[in-house]
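In: predicted model and sequence below, questions to follow.
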Amino acid sequence: MSDKTIDRSERTQPCIEESSLFAAQIDEQLTAVSSQCRRKVLIQLKRGEIESVPDLVSQEIDSPKQAEQRLFHTHLPKLADAGYIEWDRETGKIDQGAEFHKIIPVLELLETHSHFLRT
């Protein structure tokens, strides 16, 4: 046997802090992208492809009225509450919010690895 003792206090740290994987911010980000509609809004906003609610409604399969209701009553308020978008209900204008930079890594991860996520 070796005379050396193993100092267990010097264990290697994982690449990613485990605590960051379980942070509330991660839950909020995953909730934001858990809906196909919200993912579409965020990714298209990141790419500069949308500026207003009519831009989104024109892309929906459902009737324009149903699509607009879902956007106005569910998806856009969630994204606005999280700070990912700025949304003017009167004009329908949509822009990146103060917290948009926090969702960008998640969007890039989804875009980069989308081929693995397809069924």
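Out: Happy to help now that I have it.
In: got the contact list for residue 98?
Out: Under the criterion of C-beta atoms under 8 Å, 6 or more residues apart in numbering, the neighbours of residue 98 are 83, 86. (Glycine included, C-beta is placed from N, CA and C.)
In: so which strand or helix has it?
Out: Using DSSP states H and E, residue 98 falls within no helix or strand.
In: could I get the phi/psi values of it?
Out: phi -60, psi -30 (degrees, to the nearest 10).
In: and what of residue 83?
Out: phi 80, psi 10.
In: for it, which non-adjacent residue is spatially closest?
Out: residue 99 (3.2 Å; C-beta to C-beta, 6 or more residues apart in numbering).
In: count of residues packed around the one you found?
Out: Around residue 99 there are 16 other residues, counting by other C-beta atoms under 10 Å.
In: look up how far residue 92 lies from it.
Out: Distance of residue 99 to residue 92, computed by C-beta to C-beta, to the nearest Å: 21 Å.
In: that's all I had, so thanks and see you.
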